[in-house]
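Engineer: Kindly generate the corresponding structure for this input.
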Amino acid sequence: MPVCIKISTPSFDTVSMKYELETIPIWDAYKTNPLCPLCVLEKKAEGSYVKFFLGSSVMNPETRIQVNDTGFCKKHLTMLHDSGENRHGLGLLEKTHLHELLNQIKIKIPGSLLNGNKAKKNDIRTFCTYLKKKENSCMICDRLAQTLKRYTFTIVYLWQKDREFASAFKKSRGVCLHHAVPLMEMAEEALSPKESAQFTAILWESVLRELEALEDEVYQYTQHYDYRFTDKPWGKEKDALQRAIQILSGAYYENP
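Structural biologist: Next up is the predicted model:
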């Protein structure tokens, strides 16, 4: 389990009330020099949350109440099912979730939609907004969002306080575009304006360097599908397309 340490440094007092440090998983991720350390960490956390909701927590009354109210998004509900683990437990979760959702829909749905009368536009819009909110609510997404906050805070904190990490951060391959935004937002929140600008400049130096290299590697990848280069041996461009997808969207391929 990652070690969580409360912050007590003066410059981080305000932010430390909201986040905790998780130095061990951050260091472990950076030591492997991945395309995006946050992709690696988020994927690992996502897997642990899937296992959690398929484990003994299924029978926990508090968990059942939370799932009944929030549910899971399409992606994570599919992951829970496709894992093949504890289908019985997942069925129990969804049984009580469906029961609660059905009761809510009966309250929220405009009566005119059921009796064939012309419904008011505002009533339909309100009901559609409710359905969209339910569709996008997810227990796993919520937990991942909080985990990402802790990870980005730890990266920013270590960059400011640990020279060894600052060096590793500068030499790293940056992060994917999906995770660049929350990392910059955390730097702006936790650092002084001057430090935030320095942090962001170093981050984008790495990101742009990786993008430029990847652009050429994707081109080399496409050359293998040209009949003139069918005998060309594969190099590091072999997984360039998957890395391009990751850096553009944050979709992490654990075993490219």
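
Engineer: use CA for all of it now, contacts and neighbours both
Structural biologist: Fine.

Engineer: P25: how many residues sit nearby?
Structural biologist: Neighbourhood size, P25 [other Cα atoms under 10 Å]: 18.

Engineer: With the one 4 residues further on instead?
Structural biologist: Other residues within reach of A29 by the criterion other Cα under 10 Å amount to 16.

Engineer: Make 45 the starting number, not 1.
Structural biologist: Sure, I'll start counting at 45 from here, so that last one is A73.

Engineer: residues contacting it?
Structural biologist: A73 makes contact with P81, L82, V84, L85, according to Cα atoms under 8 Å, 6 or more residues apart in numbering.

Engineer: change it to 6 Å
Structural biologist: For A73, the contact set (Cα atoms under 6 Å, 6 or more residues apart in numbering) comprises P81.

Engineer: quick one: it and H268, what's the gap?
Structural biologist: 32 Å (Cα to Cα, to the nearest Å).

Engineer: right, and the helix or strand after the lowest-mean-pLDDT helix or strand in the chain?
Structural biologist: Least confident helix or strand, the chain: helix 57-60 with a mean of 61, by mean pLDDT, DSSP states H and E. Where DSSP states H and E defines the elements, the next helix or strand beyond helix 57-60 is helix 67-75.

Engineer: so where is the stretch 95-244 of the chain shaky, pLDDT-wise?
Structural biologist: Counting by pLDDT under 70, the stretch 95-244 of the chain contains low-confidence ranges at 160-161, 163.

Engineer: for it, what spans make up the helices?
Structural biologist: Taking DSSP state H, counting those that start in this stretch, the helices of the stretch 95-244 of the chain run over residues 105-114, 118-126, 131-152, 156-159, 165-180, 183-205, 207-215, 221-234, 237-267.

Engineer: Just the buried residues of the longest one, please?
Structural biologist: Put plainly, it is helix 237-267. Neighbour-count burial for helix 237-267, counted by 16 or more other Cα atoms under 10 Å, picks out 239-240, 243-244, 246-248, 250-251, 254-255, 258, 261-262, 264-265.

Engineer: State the number of residues packed around H268.
Structural biologist: When neighbours are counted by other Cα under 10 Å, H268 registers 17.

Engineer: Relative to E256, how far out is it?
Structural biologist: In this view, H268 and E256 are 20 Å apart by Cα to Cα.

Engineer: Kindly report the same for I151.
Structural biologist: Distance from I151 to E256, counting by Cα to Cα: 54 Å.

Engineer: With A210 instead?
Structural biologist: Distance from A210 to E256, by Cα to Cα: 23 Å.
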